[in-house]
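Asks: build me a model:
(one chain, ligands or ions: 1)
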Amino acid sequence: MRPLLEDGAQRAIQYLEGLDARGVAPSSAAISRLPLLDGELPGGPCDAGEVLALLDDVASPASMAMAGRRFFGFVIGGSLPVTVAANWLATAWDQNAAIHRVTPAVSQLEQTALRWLLDLLALPPECGAAFVTGATVANFTALAAARHTVLTRVGWDVEGDGLFGAPPITVVVSDEAHPSLTKSLGLLGLGRSRVVKVPVDGEGRMRADLLPAMAGPTIVCVQAGNVNTGSFDPIAEIVAAAHDAGAWVHVDGAFGLWAAAVPSRAHLAVGVEQADSWATDAHKWLNVPYDSGLAFVRDADALEAAMAITAAYLPTTTPFRNPSDFTPELSRRARGVEVWAALRQLGRAGVADLIEGCCRHATAFAEGLEAAGFEILNDVVLNQVLVSFGDAATTRRVIAAVQEDGTCWCGPTEWQGRVAMRISVSSWATTAEDVQRSLAAIVRAARAGG
Ligand SMILES: Cc1ncc(COP(=O)(O)O)c(C=O)c1O
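Replies: Numbers count the residues shown, from 1 in each chain. Below you'll find the model as predicted:
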């Protein structure tokens, strides 16, 4: 097995080292070779080295360079090298991160990483937490705990009896709630559209002055970091009103929650720590490999009540934390390993530098584009920039030209009725020089004409 594993590592290293010299988007020639991975199921085994060579030869060039320094398409940060290496090691361990007595090492790593995260993000130390696939499932997990609590308070056992005949729950979201949050509500039987929507302001922030009157079982979902503008709902104000009415407040902070770890951005997240539950991603701004999301719940017992299972064959009795008591899954890869490695290497100051560096690059993008005569549509408070190059058709043409050029990759969005190009800076690897190179490419594409 050694030659095969060494070959895999060499190929991965070459891939990462080669990213800077290729276009960010895969070429159409590379994409046209993808059918080579298709075909009939082989009748029998072949050489494992050949399988790896085929993968690398065909799939590597057809991949998007999301691990590189100039991918600004979504909130996607390339993985820190220490997390890639830790991921390889953890893959070799092949631990099923469910039960402490069976997998003590990864259970310990998760527990330590969680303690560090709560400290770093200034969240209550008593929180229960779950390592999940991403913010979508983190929202689902935290909202399951919310559903448990608001129904328990009115004498309803939702885990036992489901929602058939249950007292209704009022769910309050903003007009700008991320669609993955609405999907989570649907999965929980709370309804994607059976929600009370609160209007937003010009930056996409929930209007706290337009909150509905709240009574009975109620869950209010706020956002830390709008996927387009990076703006934060006025969370302190909303939490105060919701808690006065006995409501549960959940924060979708897929990337914005990380602002709490940076002294210069923490003002954006004021009041976040007063909420009842939080969802975030490590695969976004902590720059660990996919997939890696996190759910935190102040009342750990509520999360455990919603998630824990027991079975005669499972050795769940332990004085330690069983990871699967807090997650939707029983069997699960040990996502905490890379989170632990990132935090152990960066420390508090390193995480703050990573986040702040991305925010500074976003500001440099906005300043450069504005100086070149283009319109910035948002207040750049975090790592998100929305730019218009004129009418919708012109902006779409520029985005296509930027993607085709390959120096960097940015995607389209619509912001309050306007088509825009969206720039998200989320990688440890992006430098000021990358920003200037990308700015030059964008301005070139915009001035080239249609
Ligand atoms: C605010 C917000 N919530 C949730 C999500 C979903 O995250 P994931 O794709 O990790 O499930 C995103 C993704 O960008 C987001 O920006």
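Asks: after the lengthiest helix in the chain, next one along is what?
Replies: As assigned by DSSP state H, the longest helix anywhere in the chain is helix 336-371. Per DSSP states H and E, helix 336-371 leads on to strand 375-376 as the next helix or strand towards the C-terminus.
Asks: give me the contact list for that following strand.
Replies: Under the criterion CB atoms under 8 Å, 6 or more residues apart in numbering, residues 366, 369-370, 385-388 lie in contact with strand 375-376. Where C-beta positions appear, they are placed from N, C-alpha and C, glycine not excepted.
Asks: that strand: how far from the chain's middle?
Replies: 26 Å (CA atoms, centre = their mean, to the nearest Å).
Asks: list the neighbouring strands of that strand plus their orientation.
Replies: Strand 375-376 pairs in its sheet with strand 384-388 (antiparallel), by DSSP bridges.
Asks: run through who's touching the strand it pairs with.
Replies: 75, 226-230, 362, 365-366, 369, 374-378, 395, 413, 415, 418-425.
Asks: run the angle between the longest helix of the chain and strand 384-388 for me.
Replies: 30 degrees (axes from the mean of the first three to the mean of the last three CA atoms, to 10 degrees).
Asks: buried subset of the contacts of strand 375-376?
Replies: 366, 369, 385-388 (16 or more other CB atoms under 10 Å).
Asks: and of the residues you listed, the nearest to S107?
Replies: When the buried ones among the contacts of strand 375-376 are compared for distance to S107 (CB to CB), V385 comes out closest, at 40.5 Å.
Asks: residues near the residue in the chain positioned nearest to the ligand, how many?
Replies: Scanning the chain for the residue nearest the ligand gives G134, at 2.8 Å (criterion: CB to the nearest ligand atom). Neighbour count of G134, defined by other CB atoms under 10 Å: 20.
Asks: same check on T394?
Replies: 15.
Asks: then it would be within a helix, right?
Replies: Yes: if the criterion is DSSP: H, G, I helix; E, B strand; the rest coil, then T394 is within a helix.
Asks: pLDDT at it, what is it?
Replies: On the pLDDT scale, T394 is placed at 98.
Asks: could you shift the numbering so residue one becomes 8, and keep it that way?
Replies: Okay, using 8 as the starting number, the last item reads as T401.
Asks: give me the distance between it and A407.
Replies: 11 Å (CB to CB, to the nearest Å).
Asks: residues from the chain in reach of the ligand?
Replies: Within the chain, the positions adjacent to the ligand are 82, 141-143, 185, 187, 230, 232, 234, 259, 261-262, 288, 300 by CB under 6 Å from any ligand atom.
Asks: find the centremost residue of this protein, please.
Replies: D288 (3.5 Å; CA atoms, centre = their mean).
Asks: next one: phi and psi at the nearest residue to the residue of the chain closest to the ligand once chain neighbours are set aside?
Replies: Sequence neighbours aside, G300 is the residue nearest to G141 in space, at 3.9 Å (criterion: CB to CB, 6 or more residues apart in numbering). The phi/psi pair for G300 (degrees, to the nearest 10) reads phi -120, psi 170.
Asks: what sits against G300?
Replies: G300 touches 138-145, 261, 286-290, counting by CB under 8 Å, 6+ apart.
Asks: with A289 instead?
Replies: A289 neighbours (CB under 8 Å, 6+ apart): 295, 299-301, 342, 345-346, 349.
Asks: out of those, who's nearest A99?
Replies: Closest to A99, out of all of those and judged by CB to CB, is E345, at 13.5 Å.
Asks: any idea how far I106 is from the closest one?
Replies: As judged by CB to CB, E345 and I106 stand 20 Å apart.
Asks: neighbour count for the two, which is higher?
Replies: Between E345 and I106, counting by other CB under 10 Å, E345 is the more crowded of the two (28 against 20).
Asks: could you double-check that the more buried one sits in contact with N294?
Replies: No: using CB atoms under 8 Å, E345 is not in contact with N294; the gap is 9.4 Å.
Asks: may I have the phi/psi pair for A289?
Replies: Dihedral angles for A289 - degrees, to the nearest 10 - are phi -90, psi -30.
Asks: so how many other residues sit close to the residue nearest to it when sequence neighbours are not counted?
Replies: In this structure, A289 finds its nearest non-sequential neighbour in S299, 4.0 Å apart by CB to CB, 6+ apart. Close neighbours of S299, defined as other CB under 10 Å, add up to 29.
Asks: kindly indicate which of the buried ones among the contacts of strand 382-383 lies nearest L116.
Replies: Of those, the one sitting nearest to L116 (CB to CB) turns out to be V392, at 35.7 Å.
Asks: so what's the closest one closest to, chain neighbours aside?
Replies: Per CB to CB, 6+ apart, closest to V392 is I430, 4.2 Å.
Asks: and the contacts of the strand or helix carrying the one you found?
Replies: Element membership of I430 [criterion: DSSP H and E] is strand 425-431. Residues outside strand 425-431 that contact it (CB under 8 Å, 6+ apart): 79-83, 235, 369, 372, 384, 390-396, 398-399, 402-403, 405-406, 409, 417-421, 449.
Asks: buried ones from those residues, can you make that a ChimeraX selection?
Replies: To isolate the buried subset of those in ChimeraX, counting by 16+ other CB under 10 Å, use the following:
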select :79,80,82,83,235,369,372,384,390,391,392,393,394,395,396,402,405,406,409,417,419,420,449
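Asks: hmm, back to that, the residues of the chain next to the ligand in strands, which ones?
Replies: 230, 259, 288, 300 (DSSP state E).
Asks: so where do the strands sit in the stretch 108-257 of the chain?
Replies: All strands of the stretch 108-257 of the chain, identified by DSSP state E, counting those that start in this stretch, fall at 135-139, 177-181, 203-205, 225-230, 255-259.
Asks: contacts for the third one?
Replies: The set of residues external to strand 203-205 that reach it, using CB under 8 Å, 6+ apart, is 177-182, 184, 213-214, 217-219.
Asks: show me which of those residues are buried.
Replies: For the contacts of strand 203-205, buried by 16+ other CB under 10 Å: 177-181, 184, 213, 218.
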